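Student: my questions are about this predicted structure, shown below with the sequence.
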Amino acid sequence: MSNFSRQMRLSSSLIKRLQRRSSSASMRSFTTTEGHRPTIVHKRSTDILHDPWFNKGTAFSMTERDRLDLRGLLPPNVMSPEQQIDRFMADLKRLEVNARDGPSDPYALAKWRILNRLHDRNETMYFQVLIAKIAEYAPIVYTPTVGLVCQNYSGLFRRPRGMYFSASDRGEMMSMVYNWPADQVDMIVVTDGSRILGLGDLGVQGIGISIGKLDLYVAAAGINPQRVLPVMIDVGTNNEMLLKDPLYLGLQEHRLDGEEYIQVIDEFMEAVFTRWPNVIVQFEDFQSKWAFKLLQRYRNTYRMFNDDVQGTAGVAIAGLLGAVRAQGKPMIDFPKQKIVVAGAGSAGIGVLNAARKTMARMLGNNEYAFESARSQFWVVDAKGLITEDRENVDPDALPFARKVKEIGRQGLREGASLMEVVQQVKPDVLLGLSAVGGLFSKEVLEALKCSTSTRPAIFAMSNPTKNAECTPEEAFSVLGENIIFASGSPFNDVDLGNGHIGHCNQGNNMYLFPGIGLGTLLSGSSIISDGMLQAAAECLAAYMTEEEVLKGIIYPSISSIRDITKEVAAAVVKEAIEEDLAEGYRQMDARELQKLSQEEIVTYVKDNMWSPEYPTLVYKKD
Ligand SMILES: NC(=O)C1=CN([C@@H]2O[C@H](COP(=O)(O)OP(=O)(O)OC[C@H]3O[C@@H](n4cnc5c(N)ncnc54)[C@H](O)[C@@H]3O)[C@@H](O)[C@H]2O)C=CC1
Ligand SMILES: CC(=O)C(=O)O
Ligand SMILES: [Mg+2]
């Protein structure tokens, strides 16, 4: 035995002896001079983080993180033990105040903690609970509570989940991606934390949204939880409060911008697709400024999509078509709908582009149809109605800027207020993706009474709950029962007091993104085409029966999310086959896929959805 091995043996028996002592004695051993001698550990990476004996959490120094393959497995800001205690105490004291997100559930954050602890202890049981009680717990692991979780993440952070790629990891990403323990990753949800729900720039704390979305991938799409990876790309934050907060876990510098920013995202994409060539990357909650640019940059070369732009668009289209049917009209009447959209960010513009294309397809799918569809939309942002008169119109919003002559005839002008626009246009649909809670004020809703529709539709799609443009109570109380209502975060149905119920639909991209991801995975398509996204939206629209839409129910209940996701995924697979994009998955090669009937595709999807069941375990010596 070499000297080195002998020393290692000695040290490990010393550790064992130390570990047998009481916990106070072992804590002392870290603070006495003896504690300055290194402790030999026989584990690295997540095994260390999950071992309460050795884990230091955010206090691992950068050199130690490199030595122990921990780079990227922790948020980038190294904390002192004193700061760790401060953070814990601050969180403990804040809990009572922050555990509120509206009157519906004062204990939401406490429930999230309990579920999160279960997630840490026993993943199978966690997903059993989530799937069985999805209607009860989706609002906890997803919107609205996930927003609160992100806002308080520095305090809530205990065990890390996912990976952190930061601006200071430039040049390291290709190697650090191997610190993730799983050799197979099917789904990554990545955010840079720049626009988390409607809560703005939350920096590194935005990782909560990637975790929440992936919870739905597992629960709704049956993606194996061992093959999902939440990612936060920390390029700094422009949130001044976080920049000053001594307990903040992310990089305390302003966000990278321009070429420097793109280089970081490029490096990340190259790294993850090198290690996992078949992974699908969902971009989530990137500020609009980058959402479109990154989508255009990567969508033809990587298996990726932007959920806020493309997922939201599909869900909105399905809802808009449902609203047409709810008026007793055929879907083909959609191009006649007058639609006012409040919000011209990634989500609003994504919806506008998709709605315009859908109308154009119905009108003949030519250039003339595309041009004429444009005139069905009025877009209002923070500066009011967007017209060609506006200086420096955002290029993504430009196609929807109203012509000055046109709006002159309508009694409108550049910058007209939302209320004026609603008053003059008398729209069939008022759709909000503005992140401004209460934007559909009593006055705006009163103005909608003049709608020329027999059953006007209100989509208050901003998240979380307090950012909803209006509540269903407000909408039904001003406009009466003959409306369609949908919100991004869940609300209860409204008792209208006359024995009738005002139905509140949840118009959220959660009805599509899990199916888009699963369908892409199982088709083996190397890109996500417009056709595949369109097929997903049409499948969601067709899911609702005539009877349901006439009752005002335009989206499925969340309790059927696993079923709708299976159908959406099958529609995506089918479209990929038709477009000749399907390259197959595991034993199902492209040729086999081509032979499948519609029914067989659904069965194929169903058979590939993971369910939380305990496997039989057998011990084997190394
Ligand atoms: N229900 C769903 O599935 C989804 C909902 N969303 C929600 O949509 C909201 C917006 O998201 P993004 O477009 O990415 O954000 P963003 O920040 O890029 O865009 C917000 C837009 O709202 C406009 N706005 C601000 N104040 C306004 C006002 N007073 N009147 C009219 N417009 C105003 C801004 O000018 C901007 O165009 C967020 O709350 C987000 O949670 C986003 C994606 C999916
Ligand atoms: C639902 C969602 O993706 C959002 O609010 O950003
Ligand atoms: Mg989002």
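Tutor: Alright, I've got the coordinates. Ligands and ions are numbered 1, 2, ... in the order given.
Student: got the domain ranges for the protein?
Tutor: 3-30+526-607, 159-286, 310-507 (automatic domain parsing).
Student: straight-line length of the second one, end to end?
Tutor: Right, the one you point to is domain 159-286. 25 Å (CA to CA, to the nearest Å).
Student: please renumber the chain so that the first residue is 712 from this point on.
Tutor: Understood, numbering begins at 712; the last thing we discussed is domain 870-997.
Student: so which of the domains of the chain is nearest K844?
Tutor: Of all the domains of the chain, domain 714-741+1237-1318 sits nearest to K844, with 9.1 Å by CB to CB. All C-beta spots, glycine's among them, are computed from the backbone N, C-alpha and C.
Student: how far does that closest one sit from the chain's center?
Tutor: Centre-to-centre, domain 714-741+1237-1318 and its host chain are 14 Å apart (CA atoms, centre = their mean, to the nearest Å).
Student: tell me the mean pLDDT over that domain?
Tutor: Predicted confidence along domain 714-741+1237-1318 averages 82 (mean pLDDT).
Student: between the domains of the chain, which gets the lowest average pLDDT?
Tutor: Taking the mean pLDDT of the domains of the chain, domain 714-741+1237-1318 comes last: a mean of 82.
Student: next, K1277: phi, psi?
Tutor: phi -60, psi -40 (degrees, to the nearest 10).
Student: OK, contacts around it?
Tutor: Shown in contact with K1277 (CB atoms under 8 Å, 6 or more residues apart in numbering): 1226, 1313, 1316-1317, 1320.
Student: check contacts around P1267.
Tutor: 1222, 1251, 1254-1255, 1274-1275.
Student: could you flag which of those residues are buried?
Tutor: Listed as buried from the contacts of P1267 are 1222, 1251, 1254-1255, 1275; burial here means 16 or more other CB atoms under 10 Å.
Student: nearest to ligand 1, of the contacts of K1277?
Tutor: G1226 (14.1 Å; CB to the nearest ligand atom).
Student: so what's the closest one closest to, chain neighbours aside?
Tutor: Sequence neighbours aside, V1279 is the residue nearest to G1226 in space, at 2.6 Å (criterion: CB to CB, 6 or more residues apart in numbering).
Student: my read: that neighbour touches A1252, true?
Tutor: No - V1279 is not in contact with A1252 according to CB atoms under 8 Å; the separation is 10.8 Å.
Student: quick one, which of those two is more surrounded?
Tutor: Comparing V1279 with A1252 by neighbour count (other CB atoms under 10 Å), the higher total belongs to V1279, at 32 against 23.
Student: which residues touch the more buried one?
Tutor: Shown in contact with V1279 (CB under 8 Å, 6+ apart): 1222-1223, 1225-1227, 1229-1230, 1247, 1250-1251.
Student: how does it look with 10 Å?
Tutor: Neighbouring residues of V1279 by CB atoms under 10 Å, 6 or more residues apart in numbering: 931-932, 1025, 1029, 1222-1230, 1246-1251, 1254, 1272, 1316.
Student: T1165 now?
Tutor: 1037-1040, 1139, 1193.
Student: from the residues you listed, which is closest to ligand 2?
Tutor: Nearest to ligand 2 out of the contacts of T1165 is A1037 (CB to the nearest ligand atom; 22.8 Å).
Student: need the three-state assignment for the closest residue to that closest one other than its chain neighbours.
Tutor: Spatially, and ignoring its direct neighbours in sequence, A1037 is nearest to V1260 (4.7 Å; CB to CB, 6+ apart). Put simply, V1260 is helix when judged by DSSP: H, G, I helix; E, B strand; the rest coil.
Student: what's the answer for V1189, then?
Tutor: Three-state call for V1189 (three-state DSSP): helix.
Student: list the residues that contact it.
Tutor: Shown in contact with V1189 (CB under 10 Å, 6+ apart): 1151-1160, 1169, 1181.
Student: which positions in the stretch 1212-1333 of the chain make contact with ligand 3?
Tutor: Remark: no part of the stretch 1212-1333 of the chain is in contact with ligand 3, using CB under 5 Å from the ion.
Student: tell me the mean pLDDT over stretch 773-791?
Tutor: Averaging pLDDT along stretch 773-791 gives 94.
Student: buried residues, that stretch. List them.
Tutor: Buried residues in stretch 773-791 (16+ other CB under 10 Å): 776, 779-790.
Student: for stretch 960-979, same thing?
Tutor: 960-963, 966-967, 972, 975-976, 978-979.
Student: ends of that stretch, how far apart?
Tutor: Where stretch 960-979 begins and where it ends lie 20 Å apart, using CA to CA.
Student: return the distance of that stretch from the chain's centre.
Tutor: With CA atoms, centre = their mean, you get 20 Å for stretch 960-979.
Student: before we move on, what about stretch 1029-1039?
Tutor: Distance of stretch 1029-1039 from its chain centroid, counting by CA atoms, centre = their mean, is 25 Å.
Student: ok, the residue nearest to L1304 when sequence neighbours are not counted to ligand 1 distance?
Tutor: In space, and not counting its chain neighbours, L1304 is closest to A1293: 4.9 Å by CB to CB, 6+ apart. Distance, A1293 to ligand 1, using CB to the nearest ligand atom, to the nearest Å: 27 Å.
Student: what comes up buried for stretch 1036-1051?
Tutor: Of all the residues in stretch 1036-1051, those buried under the rule 16+ other CB under 10 Å are 1036-1038, 1040, 1045-1046, 1048-1051.
Student: output stretch 778-796 in PDB with nothing but the alpha carbons.
Tutor: What follows is stretch 778-796, C-alpha atoms only, in PDB (Å, rounded to 0.1, in the frame of the first residue of the first chain):
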ATOM      1  CA  ARG A 778     -12.300  20.600  -7.000                       C
ATOM      2  CA  LEU A 779     -15.500  18.800  -6.200                       C
ATOM      3  CA  ASP A 780     -17.300  19.200  -9.600                       C
ATOM      4  CA  LEU A 781     -19.800  21.500  -8.100                       C
ATOM      5  CA  ARG A 782     -19.400  24.400 -10.600                       C
ATOM      6  CA  GLY A 783     -22.900  25.200 -11.900                       C
ATOM      7  CA  LEU A 784     -24.700  23.200  -9.300                       C
ATOM      8  CA  LEU A 785     -25.100  26.200  -7.000                       C
ATOM      9  CA  PRO A 786     -26.000  29.800  -7.500                       C
ATOM     10  CA  PRO A 787     -22.900  31.800  -8.300                       C
ATOM     11  CA  ASN A 788     -22.700  34.100  -5.300                       C
ATOM     12  CA  VAL A 789     -20.400  32.500  -2.700                       C
ATOM     13  CA  MET A 790     -21.800  33.200   0.800                       C
ATOM     14  CA  SER A 791     -20.000  33.300   4.200                       C
ATOM     15  CA  PRO A 792     -21.500  31.100   7.000                       C
ATOM     16  CA  GLU A 793     -22.700  34.300   8.700                       C
ATOM     17  CA  GLN A 794     -24.500  35.400   5.500                       C
ATOM     18  CA  GLN A 795     -26.100  31.900   5.200                       C
ATOM     19  CA  ILE A 796     -27.500  32.200   8.800                       C
END
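Student: that older thread, redo the contacts of P1267 as a markdown table? Include distance to K1116 and secondary structure.
Tutor: Output for the contacts of P1267, formatted as a markdown table (distance: CB to CB, whole Å; DSSP: H, G, I helix; E, B strand; the rest coil):
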| residue | distance to K1116 | secondary structure |
| --- | --- | --- |
| Y1222 | 40 | helix |
| L1251 | 38 | helix |
| Y1254 | 42 | helix |
| M1255 | 40 | coil |
| D1274 | 49 | helix |
| I1275 | 44 | helix |
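Student: next secondary structure after the helix or strand I922 falls within?
Tutor: Using DSSP states H and E, I922 maps to helix 918-932. Counting by DSSP H and E, the next helix or strand C-terminal to helix 918-932 is strand 939-945.
Student: what lines up beside that following strand in the sheet?
Tutor: Strand 939-945 has the following strand partners under DSSP bridges: strand 874-877 (parallel), strand 898-902 (parallel).
Student: quick one, which of these is nearest to I1239?
Tutor: strand 898-902 (12.6 Å).
Student: hey, what's in contact with both of V1279 and A1252?
Tutor: Listed as contacting both V1279 and A1252 by CB under 10 Å, 6+ apart are 1025, 1029.
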